[in-house]
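Undergrad: Take a look and give me a structure for this.
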Amino acid sequence: MHDADHNCLELDLPDENATLALGAALASVLTSALAAGLLIYLEGDLGAGKTTLVRGLLRALGYPGRVKSPTYTLVEVHEVSGLNLYHFDFYRLNQPEEYLDAGLDEYFAGNGVCLVEWPDKAGPYLPAADLRVMLDLAGEGRRACLAAGSERGRQCLAGLTNSPLAGSRAATSSSSPPPA
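TA: Below you'll find the model as predicted:
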């Protein structure tokens, strides 16, 4: 269940399939009007499931190719279901300025959906997220906290409420999203 302001959703993800299902549920709310320019931060330790979530999202949209983390390429571009999705991984950035030096800021000015792993590595140069997906290891599975940072992020959360994930909902928060 959401909090009163529809800003946060917490889910238990007992296995990889549940993480893929979260990605698929997120794909289901990406209407063309909502998706244009949407920025989603994917946060969590190594192995927390960030790329797995992206894989679930892309598969649900019909992407047939291999989905890998762009750890060395910094960005993977996927065109699927009429959407441009840009999957970033900033893990290897040593300084936030490397983000600017690589010219990656141009991706964030368009109408594509930007999915960003390790957003903290690009520091102050990234725009604020519409939606933050924080993944933590929890025993054999994962724990996901989705927090809205904008009206469009709240619309994503509202759409997820009506998804099959509703049965996986574990807890709610009555606070605002955690600081970036």
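Undergrad: so how far is residue 48 from residue 147?
TA: Counting by Cβ to Cβ, to the nearest Å, the gap from residue 147 to residue 48 is 16 Å. Placement of C-beta: from N, CA and C, glycine included.
Undergrad: all strands in the chain, in order from the N-terminus.
TA: Shown for the chain, the strands assigned by DSSP state E span residues 8-13, 39-43, 75-80, 83-89, 113-117, 131-138, 141-148, 169-171.
Undergrad: Which strands border the fifth one, and is each parallel or antiparallel?
TA: Just to be clear, that refers to strand 113-117. As defined by DSSP bridges, the strand partners of strand 113-117 come to strand 39-43 (parallel), strand 83-89 (parallel).
Undergrad: tell me the contacts of residue 145?
TA: Applying Cβ atoms under 8 Å, 6 or more residues apart in numbering to residue 145 gives the contacts 8-11, 132-134, 136, 173, 178.
Undergrad: and those residues, which two are the farthest apart?
TA: 11 and 178 (15.7 Å; Cβ to Cβ).
Undergrad: ok, these two, which is more surrounded?
TA: residue 11 (24 against 13; other Cβ atoms under 10 Å).
Undergrad: count of neighbours near residue 73?
TA: Number of residues near residue 73 (other Cβ under 10 Å) recorded here: 13.
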